[in-house]
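1. got a structure for you, letters missing:
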């Protein structure tokens, strides 16, 4: 039997395919990016067909470069962006809506309602997760709420739900299999961690029909064969895991206490906890790592939503670097961030804060601040977020980690890795092959396993005095506090003294309570981008314009009445003769051409 393995690594911004030889050597790599869509603030969507096509194109190219057909593969392993939610028709395989990406925050209100109902302890006990827009279950609930016909079709069993692994397997097998592995299932808010089956209480809580759900399978083992025409032959699908669990496996973290952090679009720190789930009192996630045969491994996880995506913001949003790889050079051009702190909470804060309303903030700016300081502070912001998770994980475990194994595209940044070692005061180990997600998928599909970083690994030792690191961490916590609970929509302000068209107006983020003027706030409300009921400034009350106008009219009438009573003529019935004469003379003297005390008014004397 052939020994080559194809790994499909379907990520948030691109789809990769890697062909490995039996001994783990890389034979070929291919990658395809696909579009990201942001239809509203806080919303992130993908086209499921573009996900599928980009992955197929990458796989076909990788096989072509390796000069082999799918028939020559001993197996295919799949790793995928987790939590991203796809719904499609069972009969046709066509998606019925865009995929809602794991970063999407549109379900924040749904989550707030569940927390207000006191559901958090129950959810945490059953699933090991927090109630947060991050997870698939609330995304699916939102979709069904938006379209009653969609909900009716789901109840009739006409629609299928799945994370990206289930979507790819459905298409690769020509619709024969609707399955997800247990590691991906554990990210939906719907899996019972104790039984590793779909939880009926969670389905009832979220109002999700069981008919939509895929079958749950192990992370390693034969699932099915691919359709012959897709990859130029048929190959067995033998391994599936969420991307972060695959990276944990690929890093060789197979013993309890071993941990890795992947620096991709986000940053994800996972620590193997062994054969039993470990609860967290630090608001980390308890999740399935993988299932191989009868054995299931669990992990503690801290999820940071903005890692490499923060560098993309420097490139695409601010335009301070032409490519992401240039951020290290720019950040290293200054010795420190000169007091600038960047909290890259563009889609809220993940573990251990779990604040979906937090928003990005830049603090400590002076006239001397430059793009280099902001770039360096952005890298520090990434490292600080991971350090938050490291501290929470040590608290849960009762002991610090011994080291952090790292991977992912942003882990190639030496400056960022040194910052990480300094702020955590832990050694950081980087393998020569940073694509441990794809390697882990291939290992689950049958490739020889790895038990460590391997030859050529780089080691970053802490170089910052612990007192300085402690001070930096304290400053970071203050900055996080200031970014917390801010409005998600920023609003638009006037330019040049007049309000311009909404599409041309300048957006402003409210980086702190009272940081915008009431005039700016009124403009944002008038343009409809900052709802009045959500956008009222702290300490103020938003009053609808008709009510405000009526109040003003009443106030004018009341004030006028009192002025009239205090300064106007008194009633005649209460005047004596002398007062009556004075009043008569005053009234006559006020008319042009009538005699007054000084003669004829309005005429020359």
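-> Done, it's in. These numbers come from a predicted model, not from an experiment.
2. Please, which helix or strand holds the nearest residue to residue 332 once chain neighbours are set aside?
-> Closest residue in space to residue 332, ignoring its immediate chain neighbours: residue 415 at 5.5 Å, by C-beta to C-beta, 6 or more residues apart in numbering. The C-beta positions use only the backbone N, C-alpha and C, and glycine is treated the same way. Using DSSP states H and E, residue 415 falls within helix 414-424.
3. Show me what counts as buried in that helix.
-> By 16 or more other C-beta atoms under 10 Å, the buried positions in helix 414-424 come out as 415-424.
4. Would you point out the most distant pair within the residues you listed?
-> Pairwise distances among the buried residues of helix 414-424 were taken by C-beta to C-beta; the largest, 15.1 Å, belongs to 415 and 424.
5. what residues go with each domain of the chain?
-> Following automatic domain parsing, one gets these domains for the chain: 5-251, 261-430+457-483, 492-535, 573-605.
6. Identify the single longest helix in this protein, thanks.
-> helix 371-397 (DSSP state H).
7. Give me the buried positions along it.
-> 371-394, 396-397.
8. so what's residue 17 up against?
-> By C-beta atoms under 8 Å, 6 or more residues apart in numbering, residue 17 lies in contact with 6-9, 29-31, 55, 58-59, 61-63.
9. Please tell me how far the closest residue to residue 101 other than its chain neighbours sits from residue 163.
-> Excluding its sequence neighbours, the residue lying closest to residue 101 (C-beta to C-beta, 6+ apart) is residue 44, at 4.0 Å. Going from residue 44 to residue 163 by C-beta to C-beta, to the nearest Å gives 15 Å.
10. worst-scoring helix or strand of the chain, pLDDT-wise?
-> Least confident helix or strand of the chain, by mean pLDDT, DSSP states H and E, is strand 506-507 with a mean of 30.
11. Which strand runs longest in the protein?
-> strand 295-304 (DSSP state E).
12. avg pLDDT for that one?
-> For strand 295-304, mean pLDDT is 92.
13. in it, what counts as buried?
-> Within strand 295-304, judged by 16+ other C-beta under 10 Å, the buried ones are 296-304.
14. which helices and strands sit right next to that strand?
-> Judged by 3 or more C-beta pairs under 8 Å, 6 or more residues apart in numbering; DSSP states H and E, strand 295-304 is in contact with helix 243-250, strand 267-274, strand 285-292, helix 371-397.
15. List the strands paired with that strand, with their directions.
-> Strand 295-304 sits in its sheet next to strand 267-274 (antiparallel), strand 285-292 (antiparallel), going by DSSP bridges.
16. I'd like the ones you listed as a markdown table, with mean neighbour count appended.
-> Putting the strands paired with strand 295-304 into a markdown table (neighbours: other C-beta atoms under 10 Å) gives the following:
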| stretch | mean neighbour count |
| --- | --- |
| strand 267-274 | 25 |
| strand 285-292 | 24 |
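17. and these as JSON lines, adding mean pLDDT and distance to residue 37?
-> Shown next, in JSON lines, are those (pLDDT from 0 to 100; distance: least, C-beta to C-beta, whole Å):
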{"stretch": "strand 267-274", "mean pLDDT": "92", "distance to residue 37": "23"}
{"stretch": "strand 285-292", "mean pLDDT": "93", "distance to residue 37": "27"}
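18. okay if I get these as JSON lines plus distance to residue 187?
-> Listed next are the strands paired with strand 295-304 as JSON lines, based on distance: least, C-beta to C-beta, whole Å:
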{"stretch": "strand 267-274", "distance to residue 187": "11"}
{"stretch": "strand 285-292", "distance to residue 187": "7"}
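19. Residue 96: which of these is closest?
-> Once the strands paired with strand 295-304 are compared by C-beta to C-beta, strand 285-292 is nearest, at 28.2 Å.
20. any idea how far the closest one is from the chain center?
-> Relative to the chain's own centre, strand 285-292 is displaced by 22 Å; criterion: C-alpha atoms, centre = their mean, to the nearest Å.
21. Adjust the sequence numbering to begin at 725 for everything that follows.
-> Okay, using 725 as the starting number, the last item reads as strand 1009-1016.
22. before we move on, back to that, of the contacts of residue 741, which belong to helices?
-> Among the contacts of residue 741, DSSP H puts 779, 782-783, 785-787 in helices.
23. now stretch 1074-1087: mean pLDDT?
-> Average pLDDT, stretch 1074-1087: 87.
24. got the end-to-end distance for it?
-> 20 Å (C-alpha to C-alpha, to the nearest Å).
25. Wait, a strand at residue 803?
-> Yes: according to DSSP: H, G, I helix; E, B strand; the rest coil, the state of residue 803 is that of a strand.
26. That one: what's it in contact with?
-> By C-beta under 8 Å, 6+ apart, residue 803 lies in contact with 731-734, 964-967, 970-971, 1161-1162, 1164-1165.
27. By neighbours, which of those wins?
-> residue 1165 (36 neighbours; other C-beta atoms under 10 Å).
28. Report the contact partners of that one.
-> By C-beta under 8 Å, 6+ apart, the contact set of residue 1165 is 731-733, 801-803, 963-965, 970, 974.
29. quick one, phi/psi of it?
-> With angles defined as degrees, to the nearest 10, residue 1165 sits at phi -60, psi -40.
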